[in-house]
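Colleague: Dropping the sequence and predicted coords here.
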Amino acid sequence: MVEHILLIRWTKQASPEAIDRAMAGLRGLKDKIPGIVELSSGANFSDRSRGYTHGLCFRFTDRAALDAYFPHAAHQHVVQSLLNPIRDEVLIVDYEF
């Protein structure tokens, strides 16, 4: 199994509605991309986040599924149309267990 953890810091101009759309789009990838077996997401409630306000954790069957996720058309659509226009910074951690 592989975990893909994504932390997001939004631009100051990002509206709550745009953030909700981006998060919904990312969560919707579970039903569109093979190899995602679990997905959790939420808004940060800690003061230790260094400005990252939202996180997602994708669980993939294996590294091959993770590798296929990045170029997948559904993922690229969400990234290009919903995430990139309002994201300031993204931090990603991938690990196998």
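Modeller: Cool, the structure landed. Residues are numbered from 1 along each chain as shown.
Colleague: Quick check on D62: phi, psi?
Modeller: For D62, the backbone dihedrals are phi -170, psi 180 (criterion: degrees, to the nearest 10).
Colleague: measure it to Y69 for me?
Modeller: Distance of D62 to Y69, given as C-beta to C-beta, to the nearest Å: 11 Å. Every residue, glycine included, has its C-beta placed from N, CA and C.
Colleague: Over to G25?
Modeller: As judged by C-beta to C-beta, G25 and Y69 stand 14 Å apart.
Colleague: before we move on, back to that, name the residue in D62 and Y69 with the higher neighbour count.
Modeller: Under the criterion of other C-beta atoms under 10 Å, the comparison of D62 against Y69 puts Y69 first, with 19 against 12.
Colleague: ok, the more buried one touching R59?
Modeller: No. The pair Y69 / R59 is not scored as a contact, 11.4 Å apart, by C-beta atoms under 8 Å.
Colleague: Since that was my last question, I'll sign off now.
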